[in-house]
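Trainee: The following block contains a protein sequence and its predicted model.
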Amino acid sequence: MIRHAACLGALVALPLAGQAPVRLTLDEAIARGRSQGVVAAVARTTAAVADRRIAQRRADLLPSVTVGGSWSRRTLNLDEFGIPFASGVTDPFSLWNVQVRGSQTLFDASAWTRFRAARDSAVAGGADARAVGELAAAQAGLAYLRALSARETVRAREADSAVAASLQEQARALVAAGVSPAIDATRSEVQFATVLTQLEVARNQEGRARLDLARALDLPAATALELADGLDIAGGEPVTDPAAAVSFALAHRAELQAERGRSRVAAQALRAIRFEYLPSLALGGQYVQSGRTLGTLSGSWLVQLGVTIPVLDGLRRPARQQEQALRLEAQRLREHDVEQQVTTDVRQALLDRSSAEHQVELAGVRLALAERELAQASERFAAGVTGTLETTNAQGGLIAARDGLIQARVNAAVARVSLRRALGVLDQPQ
């Protein structure tokens, strides 16, 4: 049976034997999840779209120049002009026209405010992209920790199988010597088969966890991954005091920066509508070359300074102003909600980290006691005081204790990653 378990392990390792493994730390997995994640890439593209809108708004403030030309063949009815000495319809004639027109906005408070709003919108889009990138990074980090947990579970089941094999050999020897009944050997064989089944399940879970990690990192599914870190990962948090941590997170969380940017955009949009009541000033001009043939073109020019004063637009502007004021109010409520969420995230992450560290300590004590219980049960079984029922129960307790310690260490590592995410410093290496 031991050889059978070893063969199963070799079969699991075969697909990965032909390629060099990719060595990854937790920080590298987090960084790759941010840079290679599909969702994060889409968010960065969306932020780039917002950047392009700045140029569109800037165009309202920059000079505009157009060049045009035309050729026409026509006649004129001179009677419609009412000229006493000219009447009738002219003979057909050609007309050439080449012109250059230009304009420049000198003052438009509304257009300038919309340009500033576009810049704030781009800043908010960049913050959104960072927030999505942090989420993708956190998901990659959690996938890494799940793979670590699966690896530790496989090692624990391998240790359990070694213990079960030792107890099986001990039971067989005592039965052969006539010290113990045959049922003790049968119980030990059942326990050994149970542990081998658990080992196979653990190896399957490790393989699936590694596939999930490769997917989170946008790597080919057949990539062999070498996990360089263990579950005992340092915290690396810049602050741990609850009040200081909340203040730090409020200044660094990308989600909150995005909401604040959107609030500025909404406020700028409201100001832009208000500035529409102000006059706007523009300078324009044109230069025209015209004539009946290309060789007889003559030039004329025009320069004008125009002032536009809004008077009445059917009360559409006040309605837009009221609508935008309500949008601004709703956006500020969303910003406040995100602030509250950030505060809650930080305090919950601090509580989870503290609790997880205590759970690791308690799980370590439980494991030590379970190992002592199994050792004492084995001694009593060897002395013929008790049967394999006691060693089987003790080994079950040891398996549960090992699983409990692994889960506690995983929870502690997840809590540390979650705290870094809550503080907005997930991109900073530990």
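Mentor: That came through, no problem.

Trainee: helices and strands around the longest strand seen in the chain, which ones?
Mentor: The residue-count maximum for a strand in the chain (DSSP state E) belongs to strand 93-107. In terms of contacts (3 or more CB pairs under 8 Å, 6 or more residues apart in numbering; DSSP states H and E), strand 93-107 is packed against strand 64-74, strand 280-291. C-beta here means a position set from N, CA and C on the backbone, and glycine is covered the same way.

Trainee: export these to CSV and tack on mean pLDDT?
Mentor: Formatted as CSV, the helices and strands packed on strand 93-107 follow (pLDDT from 0 to 100):
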stretch, mean pLDDT
strand 64-74, 91
strand 280-291, 90
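
Trainee: most neighbours per residue, which of the ones you listed?
Mentor: Stretch with highest mean neighbour count among the helices and strands packed on strand 93-107: strand 280-291 (a mean of 15; mean count of other CB atoms under 10 Å).

Trainee: Now do that strand: everything it contacts.
Mentor: 95-111, 297-308 (CB atoms under 8 Å, 6 or more residues apart in numbering).

Trainee: Narrow those to just the buried residues.
Mentor: Among the contacts of strand 280-291, those classed as buried by neighbour count (16 or more other CB atoms under 10 Å) are Trp96, Val98, Gln99, Ser103, Thr105, Asp108, Ala109, Ser110, Ala111.

Trainee: farthest pair in those?
Mentor: The distance between the two most remote of the buried ones among the contacts of strand 280-291 (CB to CB) is 41.7 Å, for Trp96 and Ala109.

Trainee: thinking again about what came up before, and Val246, which of the helices and strands packed on strand 93-107 is closest to it?
Mentor: strand 280-291 (45.9 Å).

Trainee: and that closest one, which strands flank it?
Mentor: Strand 280-291 sits in its sheet next to strand 93-107 (antiparallel), strand 298-308 (antiparallel), going by DSSP bridges.

Trainee: Quick one: neighbours of Gln257, just the number.
Mentor: Gln257: 21 surrounding residues under other CB atoms under 10 Å.

Trainee: so it is in which element?
Mentor: helix 254-275 (DSSP states H and E).

Trainee: returning to what we had before: angle of the longest strand of the chain against strand 64-74?
Mentor: Strand 93-107 runs at 160 degrees relative to strand 64-74, counting by axes from the mean of the first three to the mean of the last three CA atoms, to 10 degrees.

Trainee: which is the next helix or strand following strand 93-107?
Mentor: The first helix or strand that comes after strand 93-107 along the chain, using DSSP H and E, is helix 109-176.
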